[in-house]
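Visitor: My questions concern the predicted model and sequence given below.
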Amino acid sequence: MPELVFFSGTMDCGKSTLALQIEHNRSARGLGGMIFTRDDRAGEGKLSSRLGLVAEAVEVAEDLNFQQHVVRHLTAGGRTDYVIVDEAQFLAPEQVEQLARVVDELGIDVYAFGIATDFRTRLFPGSQRLMELADRLETLQVEALCWCGARATHNARTVDGRMVVEGAQVVVGDVGELGREVGYEVLCRRHHRRRLTAVSAGAGALSPDVLPVDEAAPPAAPPPRR
Ligand SMILES: Nc1ncnc2c1ncn2[C@@H]1O[C@H](COP(=O)(O)OP(=O)(O)O)[C@@H](O)[C@H]1O
Ligand SMILES: Cc1cn([C@H]2C[C@H](O)[C@@H](COP(=O)(O)O)O2)c(=O)[nH]c1=O
């Protein structure tokens, strides 16, 4: 049975990598896929992973109708055995409904990848609709970690490393962007609630020690747990 599957996780947990692996494994067996993305950091029409892999993709415009797009491709003699959509949190709810029709009416598997919640812990409308309609929800297995070592479950938006809670829902950006105006950091809920990023907590692990190590000095105590 063809399926609509929503793979979700925090930023930087390997979603795009998995999307590219699924594409690789299926195309290696002669299957033909259509790859879509929206607002990937690598630029228009690219699906990119932090591991360095990039694939060409159809950029999803606001008015793109997935069902019509696939039907047109098939009618023109193209082949589509599966559809991959990255950055699916940016889809409109109606576009998610079109994906469900691709599965039900055209018999094509659809694999969507995205973050569930925004920097204010609210569901993106596209992710919400995916959770409502998907045949299967998959949580990524390789968890990203909060600076404290706990599993990161939430995405924080940062300015100069400090968490902000005001702003537009969509601002394209990356983790580890301390120098940039807007960046992101993944946190456990405990630290997201308290707006404690690595910078505001003064966590040592992310800032390399620039001082010479004194052999005679006793090892530094671990930072206090906040
Ligand atoms: N230099 C590296 N060596 C090994 N793994 C890496 C490296 N850089 C990134 N990764 C892996 O890539 C993951 C991010 O992959 P990506 O597909 O870009 O994430 P997402 O799409 O979820 O934001 C990280 O969680 C980490 O596991
Ligand atoms: C939390 C949050 C994220 N975004 C943006 C930032 C990135 O461009 C993408 C997520 O990409 P990834 O491949 O999962 O790392 O989403 C946003 O616009 N608004 C937010 O609240």
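Guide: Great, that's in hand. Since the structure is predicted, the reported quantities are computational estimates derived from the model, not experimental observations. Ligands and ions are numbered 1, 2, ... in the order given.

Visitor: Now residue 10. Nearest residue, chain neighbours left out?
Guide: Among residues not flanking residue 10 along the chain, residue 186 sits closest, at 4.5 Å (Cβ to Cβ, 6 or more residues apart in numbering). The C-beta positions use only the backbone N, C-alpha and C, and glycine is treated the same way.

Visitor: neighbouring contacts of the host helix or strand of the one you found?
Guide: Here residue 186 sits within strand 183-187, counting by DSSP states H and E. The contact list for strand 183-187 (Cβ atoms under 8 Å, 6 or more residues apart in numbering) reads 10-13, 119, 144-147, 152-159, 161, 163, 173-177, 196-198.

Visitor: does the helix or strand just after that strand come close to ligand 2?
Guide: Next helix or strand after strand 183-187 toward the C-terminus (DSSP H and E): helix 189-193. No - with Cβ under 6 Å from any ligand atom as the measure, helix 189-193 is seen stopping short of ligand 2, the closest distance being 10.8 Å.

Visitor: got the buried residues for helix 189-193?
Guide: Taking 16 or more other Cβ atoms under 10 Å as the neighbour-count basis, helix 189-193 is seen to contain the buried residues 191, 192.

Visitor: Show me what the helix or strand following it is packed up against.
Guide: Secondary structure here is assigned by DSSP H and E; on that basis, the next helix or strand after helix 189-193 toward the C-terminus is helix 198-201. The criterion is 3 or more Cβ pairs under 8 Å, 6 or more residues apart in numbering; DSSP states H and E, and the helices and strands that helix 198-201 contacts are strand 162-164.

Visitor: For burial, what's the neighbour tally of residue 162?
Guide: 14 (other Cβ atoms under 10 Å).

Visitor: List the contacts of the closest residue to it other than its chain neighbours.
Guide: With Cβ to Cβ, 6+ apart as the criterion, residue 162 has its nearest non-adjacent residue at 5.5 Å, and that residue is residue 200. If you count contacts by Cβ under 8 Å, 6+ apart, residue 200 has them with 161, 162, 163.

Visitor: Domain map for this protein?
Guide: Here the domain parsing of the chain from automatic domain parsing is 4-139, 154-201.

Visitor: Using a markdown table, lay out the ones you listed together with mean pLDDT.
Guide: Below are the domains of the chain laid out as a markdown table (pLDDT from 0 to 100):
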| stretch | mean pLDDT |
| --- | --- |
| domain 4-139 | 97 |
| domain 154-201 | 94 |
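
Visitor: Can you tell me which of the ones you listed is nearest to ligand 1?
Guide: Checking the domains of the chain against ligand 1 by Cβ to the nearest ligand atom gives domain 4-139 as the closest, at 3.4 Å.

Visitor: Is residue 129 part of a helix or strand, or is it coil?
Guide: Per DSSP: H, G, I helix; E, B strand; the rest coil, the local secondary structure of residue 129 is helix.

Visitor: wait, isn't it in contact with residue 97?
Guide: Yes - shown here, residue 129 and residue 97 form a contact pair, counting by Cβ atoms under 8 Å, at 6.9 Å.

Visitor: Between these two, tell me which one has more neighbours.
Guide: Set residue 129 next to residue 97 and count neighbours by other Cβ under 10 Å: residue 129 wins out with 22 against 15.

Visitor: Any figure for the gap between the more buried one and residue 21?
Guide: 25 Å (Cβ to Cβ, to the nearest Å).

Visitor: cool, and residue 66?
Guide: According to Cβ to Cβ, residue 66 and residue 21 sit 22 Å apart.

Visitor: ok, these two, which is more surrounded?
Guide: For residue 66 versus residue 21, the count of surrounding residues by other Cβ under 10 Å is larger for residue 66: 24 against 14.
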